[in-house]
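Novice: Curious how this folds, go ahead:
(2 chains, ligands or ions: 2)
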Amino acid sequence: MISATLLGQSLLSGIFSGCFYAMLGLGMTLSWRYLKVINLAHFAFVLIAAYLTYQLVGKSGLHPLVVAVLLIPLFFALGIAQQALIDYYKVNEFASVIVTFGMAIITEAALQWFWSADYLKLESHYLRGSTQIGTLFLPIGEAVMALIAVVMCAAVWAALRYTWLGKALRAGLDNPQIAASFGVPNRQLSYLVAGVSGATAAIGGIFVALLFTLAPSQIFAWLGVVFAAALLGGLGSPIGVLAAGLLLGVSEALTMAVIAPAWAPVVPFTLLMVILLIWPERV
Amino acid sequence: MLRIENLHVGYGEAAAISDVSITLGKGELVCIIGPNSAGKTTLVNAIARLLPVRAGKIIIDGQEATRLTPQQLCDLGVAIIPEGRRLFTSMSVEENLDIGCYHAKARANRMQSLARIYDMFPVLSERRRQIAGTLSGGQQQMVAIARALMAQPKLLLIDEPSLGLAPVIIKQVFETISAIHTQGVSILLIEQNATKALAISQRAYVLDCGAMIAEGTPAELRDRSEINAAYFGHGH
Ligand SMILES: Nc1ncnc2c1ncn2[C@@H]1O[C@H](COP(=O)(O)OP(=O)(O)O)[C@@H](O)[C@H]1O
Ligand SMILES: [Mg+2]
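Specialist: Ligands and ions are numbered 1, 2, ... in the order given. Below you'll find the model as predicted:
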């Protein structure tokens, strides 16, 4: 029998993982639903942003907030550029998996070339340390990341639900021709989604640099579980991807604590399969 | 308000309408009647710029509109109530109306337009939070009409508004169209239900097999026996 403290600590780390999955999954679920692009290159964007953060914070000594101010617009633009390419070549949903997988592979090679295949760790004093709540340790970096992930998901949810742009986007999904007849600029909105998705990748990348050890192969480290979170949460749903991310993160963490660490990766896909089997209309 | 000159529209190899010309004056209510598959929806979708034009011209308010995008057509003050309603089915009634006034000019008057429309269709006011796809057919048609009105159009294109509706609802829909016309909106009405359409129209065209075969006032068309026989189901 494991102790309450260990269980609580596992739960907490599961919540942090879940928020991290949601942070990476937000852009993925949006572009999947609203652009019909299954964007595996999203993870390439995340890692590029992470390496740039490593360079700018670790080597050039910039504050991570300054880096965020630089990278967010840059990746917004990169997201648009990627979508312009996908548009220009009329890449369909299925082909988008292959095309963006190709982009991810190329990125992995490029990262290796610039930064080598070695593990790199950003040494900085930002978001280090932890505080203690009762018997539980609360790592500052993870907590800030989780908070920002929740804020991002909530903000996108509210924007989709309550703003003119959000309504226009949903109308364009229901019926693009009629939406256009009422003045909805479908094309521009798709670039907005691509830009927002790119911007979320930048934020994700900054936290990857601050919290994890970097290696080019990390591009593929979270792909499976984030893919699962996007599907489970219902495509295009910011709250859904957060809830699904938390479900996966917590179940992984509890599996690690209660059964064995080796079993943890099995959990998300088992969950995904079971839920898709009993609840196929989820997707 | 609207002038169509020798319009040709088709799908792939096949021609759907050929050499169709119509005019519609400011404030007029003109209907186009004709049997199923005559090409009525093709014509209205071409005007709405949802279908490419092969040849001919569409002129709206003196401006050439033949090659405009649907979005640019919206700038000219044209709104559509499409066949089969084509609502934003996953969105609420009020969200559908919001998209109706998405255009900047119309959006500025959103509150007044909403008040007017909820006054006109009290049931939509009660159901403003309901998802449009879950409404009855008649209510969905009201949303389609209301959505177009939110755009404050100068020209309204209406395609088969009575399709699939119960007789009492059909009566209500035609009364509504008539009322909109009274408020000064120019209307092009497409209908299979010729009797009902002619009753509220000032002029009419008869479309069959993709060609315009007759035009005139409702009275003139009723007097022409061959048209009477073919489209009103009485005569001989
Ligand atoms: N999307 C389409 N693709 C190919 N042919 C079509 C399409 N829509 C309509 N048609 C054809 O064009 C002709 C006119 O159809 P339509 O304009 O819908 O007639 P109506 O509205 O008068 O019933 C019909 O012969 C129909 O089969
Ligand atoms: Mg039709």
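
Novice: Got phi/psi on B:Ser90?
Specialist: Backbone torsions of B:Ser90, given as degrees, to the nearest 10, read phi -90, psi 0.

Novice: Make sure it is actually in contact with B:Gln130.
Specialist: No: between B:Ser90 and B:Gln130 there is no contact under Cβ atoms under 8 Å: 11.9 Å. The way it works is simple: take the backbone N, C-alpha and C, and place the C-beta from them, glycine included.

Novice: need the contact list for the most centrally placed residue in chain B.
Specialist: Per Cα atoms, centre = their mean, the C-alpha nearest to the average position across chain B is that of B:Ile158, at 1.0 Å. Contact partners of B:Ile158, counting by Cβ atoms under 8 Å, 6 or more residues apart in numbering or on different chains, are B:Ile80, B:Ile81, B:Ala148, B:Ile177, B:Ile187, B:Leu188, B:Leu189, B:Ile190.

Novice: Tell me how many other residues surround residue 146.
Specialist: Unless you meant another one, I'm taking chain A. 23 (other Cβ atoms under 10 Å in any protein chain shown).

Novice: Not quite, go with chain B.
Specialist: When neighbours are counted by other Cβ under 10 Å, B:Ala146 comes out with 24.

Novice: What of A:Gly8?
Specialist: A:Gly8 has 15 nearby residues by other Cβ under 10 Å.

Novice: again, but for A:Met145
Specialist: Neighbour tally, A:Met145, other Cβ under 10 Å: 23.

Novice: quick one: which helix or strand includes it?
Specialist: helix A:140-162 (DSSP states H and E).

Novice: Send me that helix as CSV with only the CA atoms.
Specialist: Output of helix A:140-162 as CSV, limited to C-alpha atoms (Å, rounded to 0.1, in the frame of the first residue of the first chain):
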residue,chain,number,x,y,z
ILE,A,140,7.4,26.4,-9.3
GLY,A,141,8.2,25.8,-13.0
GLU,A,142,5.6,23.1,-13.4
ALA,A,143,3.0,25.1,-11.5
VAL,A,144,3.5,28.2,-13.7
MET,A,145,3.4,26.1,-16.8
ALA,A,146,0.2,24.4,-15.7
LEU,A,147,-1.4,27.7,-14.9
ILE,A,148,-0.6,29.1,-18.3
ALA,A,149,-1.8,26.0,-20.0
VAL,A,150,-5.2,26.4,-18.2
VAL,A,151,-5.4,30.1,-19.1
MET,A,152,-4.6,29.4,-22.7
CYS,A,153,-7.2,26.7,-23.0
ALA,A,154,-9.8,28.9,-21.3
ALA,A,155,-8.9,31.9,-23.4
VAL,A,156,-9.3,30.0,-26.6
TRP,A,157,-12.5,28.5,-25.5
ALA,A,158,-14.0,31.9,-24.6
ALA,A,159,-12.7,33.4,-27.9
LEU,A,160,-14.4,30.6,-29.9
ARG,A,161,-17.6,30.9,-27.9
TYR,A,162,-18.1,34.6,-27.4
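
Novice: Buried residues in the next helix or strand after that helix, which are they?
Specialist: Per DSSP H and E, helix A:140-162 leads on to helix A:164-174 as the next helix or strand towards the C-terminus. Buried residues in helix A:164-174, counted by 16 or more other Cβ atoms under 10 Å in any protein chain shown: A:Leu165, A:Gly166, A:Lys167, A:Ala168, A:Leu169, A:Arg170, A:Ala171, A:Gly172, A:Leu173, A:Asp174.

Novice: if we can go back for a sec, need the phi and psi values for the residue nearest to the centre of chain B.
Specialist: With angles defined as degrees, to the nearest 10, B:Ile158 shows backbone torsions of phi -120, psi 120.

Novice: State the distance from it to ligand 1.
Specialist: 12 Å (Cβ to the nearest ligand atom, to the nearest Å).

Novice: Quick check: beta-bridge partners of that residue?
Specialist: B:Ile81, B:Leu189 (DSSP bridges).

Novice: the helices in the stretch 151-283 of chain A, which residues?
Specialist: Assigned by DSSP state H, counting those that start in this stretch, the helices in the stretch 151-283 of chain A fall at A:164-174, A:176-181, A:186-211, A:223-232, A:238-258, A:266-278.

Novice: among those, which is nearest A:Leu30?
Specialist: Minimum separation from A:Leu30 across the helices of the stretch 151-283 of chain A (Cβ to Cβ) falls at helix A:186-211, 5.4 Å.

Novice: How far does that closest one sit from its chain's centre?
Specialist: 9 Å (Cα atoms, centre = their mean, to the nearest Å).

Novice: How about the residues of chain B by chain A?
Specialist: Where chain B comes near chain A, counting by Cβ under 8 Å from any Cβ of the partner chain, the residues are B:48-50, B:69-71, B:73-75, B:79-80, B:82, B:86-91, B:95-96, B:98-104, B:107, B:147, B:151.

Novice: What are the contacting residues of stretch A:137-145?
Specialist: Here stretch A:137-145 has contacts from A:9, A:12-13, A:16, A:19-20, A:23, A:126-132, A:207, A:210-211, using Cβ under 8 Å, 6+ apart.

Novice: Quick one: mean pLDDT for it?
Specialist: The pLDDT scores in stretch A:137-145 average 93.

Novice: and that stretch, which residues are buried?
Specialist: A:Pro139, A:Gly141, A:Glu142, A:Ala143, A:Met145.

Novice: Adding distance to A:Trp263 as columns, could you present those in TSV?
Specialist: Converted to TSV, the buried residues of stretch A:137-145 look like this (distance: Cβ to Cβ, whole Å):
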residue	distance to A:Trp263
A:Pro139	24
A:Gly141	26
A:Glu142	22
A:Ala143	26
A:Met145	25
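
Novice: Out of these, the closest to ligand 1 would be?
Specialist: A:Met145 (49.9 Å; Cβ to the nearest ligand atom).

Novice: contacting residues around A:Trp115?
Specialist: A:Tyr51, A:Tyr54, A:Leu214, A:Pro216.

Novice: run the last query once more with 7 Å
Specialist: Contacts for A:Trp115 (Cβ atoms under 7 Å, 6 or more residues apart in numbering or on different chains) come out as A:Tyr51.

Novice: Now residue 36: phi and psi?
Specialist: Since no chain was named, I'll use chain A. phi 60, psi 40.

Novice: Please refer instead to chain B.
Specialist: Per degrees, to the nearest 10, the backbone of B:Asn36 is at phi -50, psi 140.
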